[in-house]
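# what follows is a predicted structure for the sequence shown.
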Amino acid sequence: MVPSNNNIHGEEDSVPLEMNSGNDQDVGEGVLGVDQSMSGFKNFLWHGGSVYDAWFSCASNQVAQVLLTLPYSFSQLGMFSGIMLQVFYGLLGSWTAYLISVLYVEYRIRKEKENVSFKNHVIQWFEVLDGLLGPNWKAIGLVFNCTFLLFGSVIQLIACASNIYYINDHLDKRTWTYIFGACCATTVFIPSFHNYRIWSFLGLGMTTYTAWYIAIAALIHGQDKEVVHSGPKKMVLYFTGATNILYTFGGHAVTVEIMHAMWKPQKFKYIYLFATVYVFTLTIPSAAAMYWAFGDKLLNYSNAFSLLPRSGFRDVAVILMLIHQFITFGFACTPLYFVWEKVVGMHDTTSIYVRALARLPVVIPIWFLAIIFPFFGPINSAVGALLVSFTVYIIPALAHMLTYWKPSARQNAAEKPPFFIPSWTAMYIANIFVVVWVMVVGFGFGGWASMKNFIKQVDTFGLFAKCYQCKPASPPPPSLLHH
């Protein structure tokens, strides 16, 4: 589904933050075509900018392939730590997403007071940092955000190959990576987050089915004979699992782009929290059920599908996750497309085909990296420790503190501390806690553990592994050996 060229960005109708009245649909979509019914139906499916669209985008983007690796993390952490860390990092992620939304509103209002127009321009996180804190912060934000989104896209591609293998193992996972790399490249035709309305809705539905299939299938399977629940067993495994959960709830690297696609961005503040609460209903039951059923066996299987018996329900879950991972690939890649367009001077181009062609070079390194590092599961933890920890936890907390460091900035702040934070002092205490905790536990211990585990995968399977964690082929029947 491709929009007409006259609304290529879906952003040229960007609404000033001060506008809180009027018909949202009319403001967001502009003039309808001659055929009102067809155009209205297309807008309903294609153009989203409401609070509900933002909620679906956040929830759908937050839990994709990582749903399949959380049982693996539970086997590393144990049941209690697995549940507690999900709740803890879910709340921590919601807090820093709130900080990002506050900084976006601050930047947007300051720029609009200067009569800066954002017609045909998508605001991104590094531009917010540049406008509020200067070019050095812009560079830091650009490097971390782009690198994280690059590897986030790599992980989705790896997950596609890992999942399809459980339906069709006639091709190895590396070959499937080639195929799905080509499929995911079609996301170059999706202009912006405005255009993910139907995809976000479908993606969340698909993940919901998969999560509850995993939970119910594990309970029906029951506990393996002589099942062992020894986690946490080793420090390296514990912090690797903890960092995967930090990665799980660090999906708000695209918060600014989602907000910019909203008709009323100032309403975003608590959307990520509400999305996280729903995600808990998917991640906790499925991971807990799998760990209860299979225990330490999960330590050698980072994909939950690998231990569940083949059935029609499992095949449906695999197919739905493949579609959702395609959607999530687009979520992670779209901000990279925007950055690349700005670099090559194509961001204002109105032709969707010209922009799609300009975007294609972004997909090539993603494709290549997915083939080099096919380590589904361990790569999540490495990306979480080294990139997510800074991109969506440490940098937003530091940026918020520095933006409102001066009393005048606090006095004129576009957004005051939320109702549950009594003062600016309490805001600073909360932000300092985030920075220290994530720096020490997430980046420090998590980085040490996840890289040690990642290096172990390289030593065991090698780079460019043809079929990571594939079961060895069964020997031919004895009767065939005599011919």
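Right, received. Where do you want to start? Numbering: from 1, shown residues only.

# next, count neighbours for Glu114.
Glu114: 8 surrounding residues under other C-beta atoms under 10 Å. In short, each C-beta sits where N, CA and C put it, glycine included.

# helices along the stretch 301-450 of the chain, start to end?
312-344, 352-372, 378-383, 395-403, 407-411, 424-437, 446-461 (DSSP state H, counting those that start in this stretch).

# state the mean pLDDT of the last one.
It refers to helix 446-461. What helix 446-461 shows for mean pLDDT is 83.

# on that earlier part again, out of the helices of the stretch 301-450 of the chain, deepest packed?
Highest mean neighbour count among the helices of the stretch 301-450 of the chain (mean count of other C-beta atoms under 10 Å): helix 378-383, with a mean of 28.

# what's the burial count for Thr116?
Not quite, residue 116 is Val, not Thr. A count of nearby residues for Val116, using other C-beta under 10 Å, gives 11.

# oh sorry, the question was meant for His229
14.

# equivalent analysis for the one 10 residues further on, please.
Here the neighbour count serves as a burial measure; for Phe239 (other C-beta under 10 Å) it reads 27.

# surely it and Met451 touch.
No - counting by C-beta atoms under 8 Å, Phe239 sits too far from Met451 to count as a contact (10.5 Å).

# tell me which of the helices of the stretch 301-450 of the chain sits nearest to Thr255.
Smallest distance to Thr255 across these (C-beta to C-beta): 8.9 Å, for helix 395-403.

# who does that closest one touch, helix- and strand-wise?
Contacts defined by 3 or more C-beta pairs under 8 Å, 6 or more residues apart in numbering; DSSP states H and E place helix 395-403 against helix 79-113, helix 125-133, helix 135-164, helix 424-437.

# which other helices and strands contact the longest one?
Applying 3+ C-beta pairs under 8 Å, 6+ apart, we find helix 79-113 packed against helix 66-77, helix 125-133, helix 235-248, helix 255-260, helix 271-294, helix 395-403, helix 424-437.

# again, only this time at 10 Å
helix 51-62, helix 66-77, helix 125-133, helix 235-248, helix 255-260, helix 271-294, helix 395-403, helix 424-437 (3 or more C-beta pairs under 10 Å, 6 or more residues apart in numbering; DSSP states H and E).

# just the angle between the fourth one and helix 446-461, please?
Taking axes from the mean of the first three to the mean of the last three C-alpha atoms, to 10 degrees, one finds that helix 235-248 is oriented at 110 degrees with respect to helix 446-461.

# flag every buried residue along helix 235-248.
236-248 (16 or more other C-beta atoms under 10 Å).

# so which bits of stretch 196-208 are buried?
Tyr196, Arg197, Ile198, Trp199, Ser200, Phe201, Leu202, Gly203, Leu204, Met206, Thr207, Thr208.

# how far does it sit from the chain's center?
13 Å (C-alpha atoms, centre = their mean, to the nearest Å).

# quick one: which of the helices and strands packed on helix 395-403 is nearest Leu282?
Of the helices and strands packed on helix 395-403, nearest to Leu282 by C-beta to C-beta is helix 79-113, at 10.6 Å.

# many thanks, have a good one.
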